[in-house]
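**Student:** This is the structure alone, sequence omitted:
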């Protein structure tokens, strides 16, 4: 049996794997010639003290010991003649649900409103240059969902929901880098994710699954309380034995359609705020205690949270060495989000800084009933657009000016390619959000001295942290509580928050669907 150990090295030592082997041999009191295979199982930076260390978890095999991969193997079946189910959306939840269905011998038919990766790349590039917006092909919609053009963060707290290692292994199998199997906070990167997604689609199609692009679902076909397929925008329908709904949280029209159909929804808390951008070098200096990052340390990250007047204020989707991007999904709105390439090598660091929104905060939107949260989001996004009236250019303000409530006569250089326009965000954003953000930034500066600086700026608005609605399902069967054969999953249904948790939720819905089909042939 292999031995599992943890060693701590200086960054320059950890950078060279021969040094890792040498240190492993010293730790075990043997010669390097007596070592068998040494596998990295975990790697993290410990910057809590002045002397930065890299903690490395290792699995060490004896010299003649065979290596057995502890990760699961995947047996994808040929499902061309198998029972068919509809999967709405090709984000992480939909793709991983489809792969799991194929393992279980069921044919998935993925219906995606947006375009394939290659076409989507062109539309995203045009949007990023502020040269046009395609409502069905952008950072939110298209093959791979919103995660395709993102940092590709794979860290999740949802360990009780399923096997995270299984998800990481599937991504690795489809082209993600080796490091995702052992980094403490793994990520793939926006430059790598598209080809991983394309590889996943290839696996699905090679085993008999189907992917239909440019096809918008407008509702569920329900007969005697049972889902029998989906209704399309062109008045067609696609039949299936069941439906997995994995639309993502930006597909607001599906909530309105469900509401009109009488399919039950429920409101839930969410969060909104701004995206803040600092020079990455500044964040490095703060987190690495005044040291230069150099060539051996990664771009530094942070995670911040503070209670302010009964609401959480916290960082969200922190992107070291990244870029801010336009995440709009409709006309006449401004929404910002962040992403990083795999090397995280841009000169900026950005993060959403958002305020928790409780249902009691939406009293002025009560006329919208269950859709109050969506209307609140929409109003703020349209208000952000009115500040600039220039495509997807974003309103921005120096961080210190935002906290001091001053106009920024000029702005720092920004990673946001469509452009920024100086605006008093503190004047037009809801005051409850503004007041809590301002107090939160002051507290964050106490935790990270230098965080509150004129070198940083805030862009509006960060409004898509999660869905303000949940599509309720039975916790045992994963089916919608009043529509049999309908399996809501992922971020859009309110049951996940990121690539890994969405993928796990998709797999669990696929397994529940399999059991339901066995009971209802």
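**Tutor:** Yep, it's here. Just so it is clear, the structure is predicted and the values come from calculations on it, not from any experiment.
**Student:** for the protein, which spans come out with low pLDDT?
**Tutor:** 49-50, 67-72, 156-162 (pLDDT under 70).
**Student:** Quick one: the helices in the stretch 251-400 of the chain, in order.
**Tutor:** 252-261, 280-287, 372-388, 399-404 (DSSP state H, counting those that start in this stretch).
**Student:** per-domain residue ranges of the protein.
**Tutor:** Annotated domains of the chain cover 3-62, 84-266+468-519, 269-462 [automatic domain parsing].
**Student:** Export those domains as TSV, with columns for distance to residue 73.
**Tutor:** All C-beta atoms are positioned from the backbone trio N, CA, C, and that covers glycine. Formatted as TSV, these follow (distance: least, CB to CB, whole Å):
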stretch	distance to residue 73
domain 3-62	17
domain 84-266+468-519	9
domain 269-462	26
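**Student:** Looks to me like residue 507 is in a helix.
**Tutor:** Yes - the assignment for residue 507 (DSSP: H, G, I helix; E, B strand; the rest coil) places it in a helix.
**Student:** I'd guessed it sits against residue 96; true?
**Tutor:** Yes - using CB atoms under 8 Å, residue 507 is in contact with residue 96, at 5.3 Å.
**Student:** Neighbour count for these two, which is higher?
**Tutor:** Shown here are residue 507 and residue 96; by other CB atoms under 10 Å, residue 96 has more neighbours (30 against 25).
**Student:** tell me which element the more buried one falls in.
**Tutor:** helix 92-103 (DSSP states H and E).
**Student:** The next helix or strand after that helix vs helix 92-103, what angle?
**Tutor:** Note on helix 92-103: by DSSP H and E, the next helix or strand toward the C-terminus is strand 107-111. Orientation of strand 107-111 against helix 92-103 (axes from the mean of the first three to the mean of the last three CA atoms, to 10 degrees) gives an angle of 160 degrees.
**Student:** Pull up the pairing partners for strand 107-111, direction included.
**Tutor:** Each strand paired with strand 107-111, and its direction, by DSSP bridges: strand 84-88 (parallel), strand 210-212 (parallel).
**Student:** Looking at those strands, which one is packed in the most?
**Tutor:** strand 84-88 (a mean of 27; mean count of other CB atoms under 10 Å).
**Student:** Between helix 252-261 and it, find me the angle.
**Tutor:** Inter-element angle recorded for strand 84-88 and helix 252-261: 120 degrees (by the same axes, to 10 degrees).
**Student:** chain center to strand 84-88, what's the gap?
**Tutor:** Centroid separation for strand 84-88 versus its chain: 23 Å, with CA atoms, centre = their mean, to the nearest Å.
**Student:** re earlier: can you list residues touching both of residue 507 and residue 96?
**Tutor:** Jointly contacting residue 507 and residue 96 under the rule CB atoms under 8 Å, 6 or more residues apart in numbering are residue 167.
**Student:** deepest of the domains of the chain, which one?
**Tutor:** Most buried among those, counting by mean count of other CB under 10 Å: domain 84-266+468-519, with a mean of 21.
**Student:** quick one on the thing from earlier: pipe the helices of the stretch 251-400 of the chain into TSV and attach distance to residue 195 per row.
**Tutor:** Shown next, in TSV, are the helices of the stretch 251-400 of the chain (distance: least, CB to CB, whole Å):
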stretch	distance to residue 195
helix 252-261	28
helix 280-287	26
helix 372-388	31
helix 399-404	36
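**Student:** among these, which is nearest residue 63?
**Tutor:** With CB to CB as the measure, helix 280-287 is the member of the helices of the stretch 251-400 of the chain nearest residue 63 (40.0 Å).
**Student:** Tell me how far the nearest residue to residue 242 once chain neighbours are set aside lies from residue 228.
**Tutor:** In space, and not counting its chain neighbours, residue 242 is closest to residue 485: 4.2 Å by CB to CB, 6 or more residues apart in numbering. Distance, residue 485 to residue 228, using CB to CB, to the nearest Å: 7 Å.
**Student:** Could you do residue 103 as well?
**Tutor:** Counting by CB to CB - residue 103 and residue 228 are separated by 24 Å.
**Student:** cool, residue 410 as well?
**Tutor:** 59 Å.
**Student:** Out of the domains of the chain, which gets nearest to residue 76?
**Tutor:** domain 84-266+468-519 (4.7 Å).
**Student:** Find the nearest non-adjacent residue to residue 412, please.
**Tutor:** residue 457 (5.6 Å).
**Student:** my bad, residue 396
**Tutor:** residue 420 (3.9 Å).
**Student:** Now do the contacts for that neighbour.
**Tutor:** Residues in contact with residue 420 (CB under 8 Å, 6+ apart) are 393-396, 411, 414, 457, 459.
**Student:** Between all of the residues you listed, which two are separated the most?
**Tutor:** 393 and 457 (13.8 Å).
**Student:** ok, the closest residue to residue 316 other than its chain neighbours to residue 314 distance?
**Tutor:** In space, residue 316 comes closest to residue 352 once its chain neighbours are excluded; the distance is 3.8 Å by CB to CB, 6+ apart. Per CB to CB, residue 352 is found 9 Å from residue 314.
**Student:** same question, residue 388
**Tutor:** In terms of CB to CB, residue 388 sits 27 Å off from residue 314.
**Student:** repeat for residue 514
**Tutor:** With CB to CB as the criterion, residue 514 and residue 314 are 37 Å apart.
**Student:** With residue 509 instead?
**Tutor:** Per CB to CB, residue 509 is found 28 Å from residue 314.
**Student:** about what we covered before: bridge partners for the residue nearest to residue 412, pull those for me.
**Tutor:** residue 277, residue 398.
**Student:** which ones are touching it?
**Tutor:** Listed by CB under 8 Å, 6+ apart, the contact set of residue 457 reads 276-277, 396-399, 408, 411-412, 414, 420.
**Student:** Now distance to residue 302 too, for these, in JSON lines please.
**Tutor:** As requested, the contacts of residue 457 are exported to JSON lines (distance: CB to CB, whole Å):
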{"residue": "276", "distance to residue 302": "11"}
{"residue": "277", "distance to residue 302": "13"}
{"residue": "396", "distance to residue 302": "20"}
{"residue": "397", "distance to residue 302": "21"}
{"residue": "398", "distance to residue 302": "19"}
{"residue": "399", "distance to residue 302": "14"}
{"residue": "408", "distance to residue 302": "23"}
{"residue": "411", "distance to residue 302": "22"}
{"residue": "412", "distance to residue 302": "19"}
{"residue": "414", "distance to residue 302": "19"}
{"residue": "420", "distance to residue 302": "22"}
